[in-house]
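Peer 1: Below is the sequence, then the predicted model.
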Amino acid sequence: MRYAAPIAIAIAALAASPALSQGSLGVLPQGEYVCALPGVATGSAWNEVEGHGFSITGASSYKTDKGSGTYLLEGRRVTFTRGPLKGHKMMRVSSGLLQELGKDDKLGRLRCHRAGPVAD
């Protein structure tokens, strides 16, 4: 028992270490997010990808046509933690724009932008 306090202090110090943290926790602006891929010079600039859109409905909550879930915004990284998008990762590029992150943490082509308030 006399080692419990020093161990607890060491664990707390590791958890608070800036090297281990990704940034402060936050939430995304509520609203409908439309996802699209870049187009081509001879056609439309963006091509909406059906079935990839979602709505941010509250603090760390989202919904899709397939159900609802939660996400974690840590610094600029968004990780969907529960629900139909579980495991999907994105990078916050600006206040209303997210870009897909691949398994190698490189930015992908898919971008999701806030298109307006949540539709009723």
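Peer 2: That came in fine, so what should we check first?
Peer 1: what ranges of the chain fall below the confidence cut-off?
Peer 2: For the chain, applying pLDDT under 70 flags the ranges 1-22, 120.
Peer 1: So for it, the centremost residue is which one?
Peer 2: Geometric centre of the chain, nearest residue: residue 78, 2.2 Å, by CA atoms, centre = their mean.
Peer 1: ok, and the closest non-adjacent residue to it?
Peer 2: Spatial nearest neighbour of residue 78, chain neighbours left out: residue 90 (4.4 Å); criterion: CB to CB, 6 or more residues apart in numbering. Placement of C-beta: from N, CA and C, glycine included.
Peer 1: which stretches of this protein form helices?
Peer 2: Using DSSP state H, the helices found in the chain span residues 4-16.
Peer 1: quick one: the strands in it?
Peer 2: For the chain, the strands defined by DSSP state E occupy 25-26, 31-38, 46-48, 54-58, 61-64, 67-74, 77-82, 89-94, 97-101, 107-116.
Peer 1: Check which helices and strands the third one sits against.
Peer 2: Based on contacts counted as 3 or more CB pairs under 8 Å, 6 or more residues apart in numbering; DSSP states H and E, the elements that strand 46-48 packs against are strand 31-38.
Peer 1: Okay, now the sheet partners of the strand it packs on, with direction.
Peer 2: strand 46-48 (antiparallel), strand 54-58 (antiparallel), strand 107-116 (antiparallel) (DSSP bridges).
Peer 1: got the contact list for that strand?
Peer 2: 45-49, 52-56, 96, 98, 109-119 (CB atoms under 8 Å, 6 or more residues apart in numbering).
Peer 1: Just the buried subset of these, please.
Peer 2: 52-56, 98, 110-114 (16 or more other CB atoms under 10 Å).
Peer 1: what's the closest of the residues you listed to residue 63?
Peer 2: Nearest to residue 63 among the buried ones among the contacts of strand 31-38 is residue 55, at 5.1 Å by CB to CB.
Peer 1: From residue 27, how far off is that closest one?
Peer 2: 13 Å (CB to CB, to the nearest Å).
Peer 1: can you pull the contacts of the closest residue to residue 26 other than its chain neighbours?
Peer 2: Spatially, and ignoring its direct neighbours in sequence, residue 26 is nearest to residue 73 (4.5 Å; CB to CB, 6+ apart). Each residue near residue 73 by CB under 8 Å, 6+ apart is listed here: 25-28, 60, 92.
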